[in-house]
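Asker: After the sequence you'll find the predicted model.
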Amino acid sequence: MASLSTHIVTLGAENLSWWERFWFRESGSTFADSTDAVYNYIFWVSAIFFIPIVGMVIGFGIKYRRSKVGEVAEVSPSHNTALELSWSVTPAILMAIMFFWGFKAYLSKLVAPVDAEPIYVTAYQWGWNFDYADGYSTNEFEEIAANPESPIIPVQVGKPYKMIMTSRDVIHSFYVPAFRIKRDIFPNRYTVLWFETTDRITHYFDEDDKSVVAIDPDRPGYYLFCAEYCGDQHSQMAGRIATLSPEDYNKWLEARKDTSGINLIELGELVARKNGCFQCHSVDGSAKQGPTWENLYGSEVPGWSPSAAVAEGATPGVAERGYIVESILYPNEYARPGFAIGQMSSFLGQIEGRELDAVVFYIKSLSGDFAAQAEQEAAAELEQQLSETEGDG
Ligand SMILES: [Cu+2]
């Protein structure tokens with residue numbers, strides 16, 4: 001498991017030619033070229049007509065100006081069918097082309113293919129969360145939201161992705177210039193946007209480091225920006241979309257699921273965040289819907305006795321491993337005084353094995369009396385794990 005910093009690239013690293021900075025960025029998605037074509041058509045039609053129209057306005061303005069007071073105006077022709085038809089019909093055709101061509105290109109962006117892989121995007125002040133369909137989430141990046149550094153969002157080349165987006169607070173906007181896509185993100189509403197990248201592979205998966213690495217450090221993936229001014233750190237809501245080959249993408253997905261090398265306490269916090277535990281449990285003693293985890297471990301739980309599922313080695317009336325495991329897996333067996341029963345849903349089958357241990361260790365580390373012990377035990381567990389893997393190799 002790589003540390004967080006290996007997934008972060010600073011935004012300044014991109015090396016573009018002056019033309020790409022001035023005009024369009026490279027085409028990063030399958031509909032970038034059609035978007036550019038429509039844009040170029042509208043641009044050149046406007047540019048070409050601008051010159052004769054403005055030229056004639058100025059020219060006639062000079063030619064037909066009134067130069068003397070009392071001068072009588074020349075009589076002008078009242079009607080010219082050929083001229084009037086040509087200046088009505090020609091622009092009408094040119095604009096109809098604009099409309100139908102643009103509408104077609106717009107529709108192709110609007111409707112995602114049925115096999116598009118969903119990624120759930122949550123924008124917030126000031127950062128992004130990306131939740132992949134298989135459960136992997138970039139929630140870990142929350143801590144770095146305030147940094148001028150950005151998360152990497154790996155995608156597979158040649159595969160359509162559908163971003164299902166919402167906001168936790170104000171209006172944001174998902175904008176990837178190289179893909180020619182932008183869509184606003186609202187609180188209490190979902191907006192959808194899709195893309196498929198071109199064949200260019202920007203990143204590979206480094207198996208030793210277990211991280212996604214840019215092939216060309218000067219072109220590390222595609223910029224993602226927030227394009228809706230959303231507060232004072234708006235400019236830091238950035239990210240990079242990294243394209244991987246199908247093989248590397250699968251390796252990356254697998255590696256993300258493997259949490260074996262993470263210290264139990266650290267892992268516990270990640271598991272808790274991923275499962276939304278902090279919505280109801282604080283870690284600093286403050287009041288929320290559920291009991292705080294601060295100094296929970298080792299505290300008294302009056303009237304609690306272990307249910308059959310976790311009876312082994314649990315001490316009645318004391319919040320230790322047995323009590324915590326029971327509360328996670330069978331939350332309706334018991335509620336502490338002052339808390340209602342039935343408030344929490346079970347995590348049976350969702351948090352298990354080492355990840356379940358990890359949550360226990362994390363909660364233990366939040367108790368003043370047990371923190372040092374938890375740290376020692378977690379370090380020992382990691383060391384043992386490492387020596388076992390070395391033994392295997
Ligand atoms: Cu924003």
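Answerer: Ah, there it is.

Asker: Now do the same contact list for the residue nearest the centre of the chain.
Answerer: Geometric centre of the chain, nearest residue: F130, 3.9 Å, by Cα atoms, centre = their mean. Residues near F130 by Cβ atoms under 8 Å, 6 or more residues apart in numbering: I119, Y120, V121, S137, T138, P151, I153. In this view, the C-beta of every residue, glycine as well, is placed from N, C-alpha and C.

Asker: which pair in those spans the largest distance?
Answerer: Y120 and P151 (14.5 Å; Cβ to Cβ).

Asker: higher neighbour count, those two?
Answerer: Per other Cβ atoms under 10 Å, whichever of Y120 and P151 has more neighbours is P151, with 22 against 16.

Asker: Torsion angles phi and psi at A32?
Answerer: Main-chain torsions, A32, degrees, to the nearest 10: phi -60, psi -40.

Asker: I'd say it and R180 touch.
Answerer: Yes. At 4.7 Å, A32 and R180 qualify as touching, with contact defined as Cβ atoms under 8 Å.

Asker: quick one: buried residues of stretch 102-121?
Answerer: Using 16 or more other Cβ atoms under 10 Å as the test for burial, stretch 102-121 gives G102, A105, K109, A112, A116, I119, Y120, V121.

Asker: Surely the fourth one and W194 touch.
Answerer: Yes. Here A112 reaches W194: they are 3.6 Å apart, a contact under Cβ under 8 Å.

Asker: can you list the residues of the stretch 201-350 of the chain near the ion?
Answerer: Residues of the stretch 201-350 of the chain lying close to the ion (Cβ under 5 Å from the ion) are C226, C230, M237.

Asker: filter those to the buried ones?
Answerer: Among those, the ones that count as buried by 16+ other Cβ under 10 Å are C226, C230, M237.

Asker: which one of the residues you listed sits closest to F370?
Answerer: F370 lies nearest to M237 out of those, by Cβ to Cβ, at 38.6 Å.

Asker: Surely the closest one and W128 touch.
Answerer: Yes. Counting by Cβ under 8 Å, M237 does reach W128; the two are 6.8 Å apart.

Asker: where along the chain do the strands fall?
Answerer: For the chain, the strands defined by DSSP state E cover 9-10, 117-124, 127-132, 149-150, 152-156, 160-167, 172-176, 181-185, 191-196, 203-206, 211-214, 222-226, 238-244.

Asker: just the angle between the third one and strand 117-124, please?
Answerer: Per axes from the mean of the first three to the mean of the last three Cα atoms, to 10 degrees, the angle that strand 127-132 makes with strand 117-124 is 160 degrees.

Asker: In strand 127-132, which residues are buried?
Answerer: G127, W128, N129, F130, D131, Y132.

Asker: Output these in a markdown table; the columns should cover pLDDT and distance to the ion.
Answerer: Output for the buried residues of strand 127-132, formatted as a markdown table (pLDDT from 0 to 100; distance: Cβ to the ion, whole Å):
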| residue | pLDDT | distance to the ion |
| --- | --- | --- |
| G127 | 81 | 9 |
| W128 | 84 | 9 |
| N129 | 84 | 13 |
| F130 | 86 | 15 |
| D131 | 84 | 18 |
| Y132 | 83 | 21 |
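
Asker: low-scoring stretches of this structure, by residue?
Answerer: 1-15, 135-136, 138-150, 309, 311-313, 389-393 (pLDDT under 70).

Asker: Could you report the distance from M56 to the ion?
Answerer: M56 sits 46 Å away from the ion, taking Cβ to the ion, to the nearest Å as the criterion.

Asker: Can you get me a residue count around that residue?
Answerer: With neighbours defined by other Cβ under 10 Å, the count for M56 comes to 11.

Asker: What's opposite V176 in the beta bridge?
Answerer: V176 has these beta-bridge partners by DSSP bridges: I181.

Asker: got the contact list for it?
Answerer: Contact analysis of V176 by Cβ under 8 Å, 6+ apart lists G28, S29, K182, F195, Y222, Y223, L224, F225, I241.

Asker: hmm, back to that, identify, from the buried residues of stretch 102-121, the entry nearest to the ion.
Answerer: Nearest to the ion among those is V121, at 11.7 Å by Cβ to the ion.

Asker: List the contacts of the nearest residue to that closest one once chain neighbours are set aside.
Answerer: Spatially, and ignoring its direct neighbours in sequence, V121 is nearest to M165 (4.1 Å; Cβ to Cβ, 6 or more residues apart in numbering). Counting by Cβ under 8 Å, 6+ apart, M165 makes contact with Y120, V121, T122, A123, F174, R183, I185, Y190, T191, V192, L193.

Asker: about what we covered before: export the strands of the chain as CSV, with columns for distance to W23.
Answerer: Shown next, in CSV, are the strands of the chain (distance: least, Cβ to Cβ, whole Å):
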stretch, distance to W23
strand 9-10, 24
strand 117-124, 28
strand 127-132, 27
strand 149-150, 24
strand 152-156, 25
strand 160-167, 26
strand 172-176, 17
strand 181-185, 17
strand 191-196, 21
strand 203-206, 25
strand 211-214, 24
strand 222-226, 16
strand 238-244, 21
